[in-house]
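**Q** Sequence first, predicted coordinates after that:
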Amino acid sequence: MPDVLTALLRHVRIETSLFGRVELGAPWGARIGPREIVLLHHLLEGEMWLELDGREIRVGQGDLLLLPHGVPHCLRHRPGAAVVDEERWLSPPRPGVQSVRRRLGGDGARTVVLCAAMHVIGAGRSLLLRALPSVVLLDGGAGEPVPGLGRLLDGIRDEVRGRRPGAPVMAARFAELLLLQAIRAELERPAPPGSFRAALADERVARALDALYQAPARAWTVASLAREAGMSRSGFALAFREHVGEGPLRHLTRWRMELAKETLRERPGLALAEVASSVGYQDEAAFNVAFRREVGVPPGAYRSRDREPGY
């Protein structure tokens, strides 16, 4: 089975912006607004309720909760409990502080949560997150919800408590490994029919995706991708569109432009002709047209804008 996840992760970087241990006493409730981060919560003690997309979901002791898309949601000590906006309930940490420990709420039943907020960056970000639902709940009631969870949590705790040089960075790396384990555990579950995740689980379509992601500069055609998949051209085109939601060449263009944006950000000294060649365009003018059509600005303007403060 092709390992498409590895191909995507080669173009993903995870950065932990904040992690910590939060003790909550009932009554408590918070409304969290939209954001461009991934949230990870491991419930160490007690229980809490998540309200998201009109659903209420119980999170029990030992469970691992992943919110990959930063969608608005509420967390409570029980269903229907009053909530306040997070700004009024949870003050931001001091500048430069990455690890926090807090006690919030009332004097009732206690809930203890290990939380992490992370940025997922890179060309593979949108595809990786697209493969995940709005909420992932991994059951810890029967043991570890992901392999090695205990060791990862021990690593975070040891670094935070030890306060040795480099401790915040080390603890953040453990948290990032925890996120990757949670993503892998979710992607190993059965995929909903017709979803992008189903494309990763379909061995034939996955072979074409793996080839496309690993060699984006190759002069791919629908026929050559169909050969990678071991399918007829028409059958492959139909299956690809059903799973991925767009045609193979359209998907290739989008992937090339994501890689180009990544290269423009991370290698600002590279000539535009070299950026174009790295993603399969020998003609710089054709690359400029394709990039502008996809991104909205020419590649030179994108690189200049990305280097300005605030971007």
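**A** Yes, it's here. Numbering: from 1, shown residues only.

**Q** and the residue of the chain most remote from its centre, what does it touch?
**A** Distance from the C-alpha centroid of the chain peaks at residue 107, with 35.3 Å (C-alpha atoms, centre = their mean). By C-beta atoms under 8 Å, 6 or more residues apart in numbering, the contact set of residue 107 is residue 25. C-beta: built from backbone N, CA, C; applies to glycine.

**Q** That one belongs to a helix?
**A** No. Residue 107: not assigned to a helix; according to DSSP: H, G, I helix; E, B strand; the rest coil it is coil.

**Q** distance of the closest residue to residue 220 other than its chain neighbours from residue 149?
**A** Leaving out its chain neighbours, the residue that sits closest to residue 220 by C-beta to C-beta, 6 or more residues apart in numbering is residue 252, at 5.7 Å. Separation of residue 252 from residue 149 (C-beta to C-beta, to the nearest Å) stands at 37 Å.

**Q** if we can go back for a sec, residue 78 versus the residue farthest from the centre of the chain, what's the distance?
**A** Residue 107 is 15 Å from residue 78, where distance means C-beta to C-beta.

**Q** Hmm, residue 70 and residue 35 touching each other?
**A** Yes. Using C-beta atoms under 8 Å, residue 35 is in contact with residue 70, at 4.3 Å.

**Q** Beta-bridge partners for residue 112, please?
**A** Note on residue 112: beta-bridge partners by DSSP bridges are residue 23, residue 45.

**Q** neighbours around it, how many?
**A** Using other C-beta atoms under 10 Å as the criterion, residue 112 is surrounded by 15 other residues.

**Q** Tell me where the model's unsure across the chain.
**A** 1, 88-100, 162, 306-311 (pLDDT under 70).

**Q** center of it, which residue is that?
**A** The C-alpha lying nearest the average C-alpha coordinate of the chain belongs to residue 129 (C-alpha atoms, centre = their mean; 4.6 Å).

**Q** Let me know whether that one touches residue 70 as I believe.
**A** No. Applying C-beta under 8 Å as the test, residue 129 and residue 70 come out as separate, 9.4 Å apart.

**Q** so what's in contact with the two at the same time?
**A** Taking C-beta under 8 Å, 6+ apart as the contact rule, residue 129 and residue 70 both touch residue 38.

**Q** Moving C-terminal from the lengthiest helix in the chain, which element do we reach first?
**A** Longest helix in the chain, counting residues (DSSP state H): helix 167-187. The C-terminal neighbour of helix 167-187 among helices and strands, as given by DSSP states H and E, is helix 196-201.

**Q** Return the distance of the helix or strand just after that following helix from the chain's centre.
**A** For helix 196-201, the succeeding helix or strand toward the C-terminus, using DSSP H and E, is helix 203-214. Helix 203-214 sits 20 Å away from the centroid of its parent chain (C-alpha atoms, centre = their mean, to the nearest Å).

**Q** Can you give me the buried ones in the next helix or strand after helix 203-214?
**A** Beyond helix 203-214 on the C-terminal side, the first helix or strand identified by DSSP H and E is helix 222-229. By neighbour count on 16 or more other C-beta atoms under 10 Å, the buried set for helix 222-229 is 222, 225, 226, 227, 228, 229.
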